[in-house]
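> How does the following fold in three dimensions:
(chains A and B)
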Amino acid sequence: AQTVTQSQPEMSVQEAETVTLSCTYDTSESDYYLFWYKQPPSRQMILVIRQEAYKQQNATENRFSVNFQKAAKSFSLKISDSQLGDAAMYFCASITSGTYKYIFGTGTRLKVLA
Amino acid sequence: DAGITQSPRHKVTETGTPVTLRCHQTENHRYMYWYRQDPGHGLRLIHYSYGVKDTDKGEVSDGYSVSRSKTEDFLLTLESATSSQTSVYFCAIRGGPANYGYTFGSGTRLTVV
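Residues are numbered from 1 along each chain as shown, chains lettered A, B, ... in the order given. Predicted coordinates for the structure are as follows:
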């Protein structure tokens, strides 16, 4: 079965610094997709970034980038120049191509210190 | 989020009563999902739908039922609410291939007393 693990329940970062959130996954499939979602205090879930497993190039969206290590089954999120608005819960998720269901990790709460 | 709404946003109910949560979308998307979010567990899938009247169970479906009689509406019913069903419930939709990701509703906070 597909699993997603986030081993850091909580992390802190100083404003303007860089932080990396970890995510590991386990799948026997070769065609799958990985995502990071952000959940601010408003409770709204927001898609931050996505990565197709067949792409070797790491995805980037402005200050957000991933380090995708397929052999190690690792998918970490790097936030550069952290801002107060980045404070949120961050969820890692995966889905196998051709299936219906996304599998979520347990989340990492990120605090941004002024 | 635009195109998907959940109602109610908050609800307090008594143990043993039935409760129905509604998810409404205007995107004409095929796939709809109900998740519950609990501290330490992340989001866990309750039920999902892949078309009108086509539904299937997720990993935590006991005590819940769903119905989808129209493309735009996906209802989640707690048949007899228990305190363990106190949670935040999210509806999500997906319109395209798996790599599209979800669009989420704003969630319903349900408290069972």
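> bridging residues for residue 67?
Looking at chain A here, since you left the chain open. As for beta bridges, residue A:67 partners with residue A:76 under DSSP bridges.
> that's the wrong chain, I wanted chain B
For residue B:67, the beta-bridge partners under DSSP bridges are residue B:75.
> quick one: contacts for it?
Residues near residue B:67 by Cβ atoms under 8 Å, 6 or more residues apart in numbering or on different chains: B:55, B:74-75, B:77. (Each C-beta comes from the backbone N, C-alpha and C, glycine too.)
> Just give me the closest of those residues to chain A.
For the contacts of residue B:67, the residue nearest chain A by Cβ to the nearest Cβ is residue B:55; the value is 10.8 Å.
> Now name the helix or strand holding that closest one.
Secondary structure from DSSP states H and E places residue B:55 in strand B:54-57.
> buried sites along that strand?
Within strand B:54-57, the residues scored as buried using 16 or more other Cβ atoms under 10 Å in any protein chain shown are residue B:55.
> What pairs with it, parallel or antiparallel?
strand B:42-51 (antiparallel).
> Would you pull up how far the strand it pairs with lies from the middle of the chain?
Remark: strand B:42-51 is offset 7 Å from the chain centroid, using Cα atoms, centre = their mean, to the nearest Å.
> how about the CA coordinates for it, as PDB?
Included here for strand B:42-51 are C-alpha records, laid out as PDB according to Å, rounded to 0.1, in the frame of the first residue of the first chain:
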ATOM      1  CA  GLY B  42      -3.500  14.300   8.700                       C
ATOM      2  CA  LEU B  43      -6.300  13.900   6.200                       C
ATOM      3  CA  ARG B  44      -8.000  10.500   6.000                       C
ATOM      4  CA  LEU B  45     -10.300   9.500   3.200                       C
ATOM      5  CA  ILE B  46     -13.900   8.700   4.200                       C
ATOM      6  CA  HIS B  47     -15.700   8.100   0.900                       C
ATOM      7  CA  TYR B  48     -15.200   9.200  -2.700                       C
ATOM      8  CA  SER B  49     -17.200   9.400  -5.800                       C
ATOM      9  CA  TYR B  50     -16.200   8.900  -9.400                       C
ATOM     10  CA  GLY B  51     -19.500   9.800 -11.000                       C
END
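> Other residues contacting it?
Outside strand B:42-51, the residues that touch it by Cβ under 8 Å, 6+ apart are A:6, A:91, A:100-102, A:104-107, B:30-38, B:55-61, B:64-66, B:68, B:74, B:76, B:89-90.
> thinking again about what came up before, report the distance from the strand holding residue B:55 to the chain centre.
With Cα atoms, centre = their mean, you get 12 Å for strand B:54-57.
> And for that strand, what's in contact with it?
For strand B:54-57, the surrounding residues in contact (Cβ under 8 Å, 6+ apart) are A:100, B:47-50, B:66-68.
> coming back round to it: whichever of the contacts of strand B:42-51 end up buried, select them in PyMOL.
Applying 16+ other Cβ under 10 Å to these leaves a buried subset, and the PyMOL line that selects it is:
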select buried, (chain A and resi 6+91+100+101+102+104+105+106+107) or (chain B and resi 30+31+32+33+34+35+36+37+55+58+60+61+64+65+66+68+74+76+89+90)
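> which one of the contacts of strand B:54-57 is nearest residue B:9?
residue B:66 (19.5 Å; Cβ to Cβ).
> hang on, that closest one packs against residue B:78?
No. Using Cβ atoms under 8 Å, residue B:66 is not in contact with residue B:78; the gap is 10.8 Å.
> Now do the same contact list for the spatially most central residue of chain B.
The centre of chain B sits closest to residue B:34, judged by Cα atoms, centre = their mean, with a distance of 2.8 Å. The neighbours of residue B:34, taking Cβ under 8 Å, 6+ apart as the test, are B:21, B:23, B:45-48, B:58, B:64, B:66, B:74, B:76, B:89-91.
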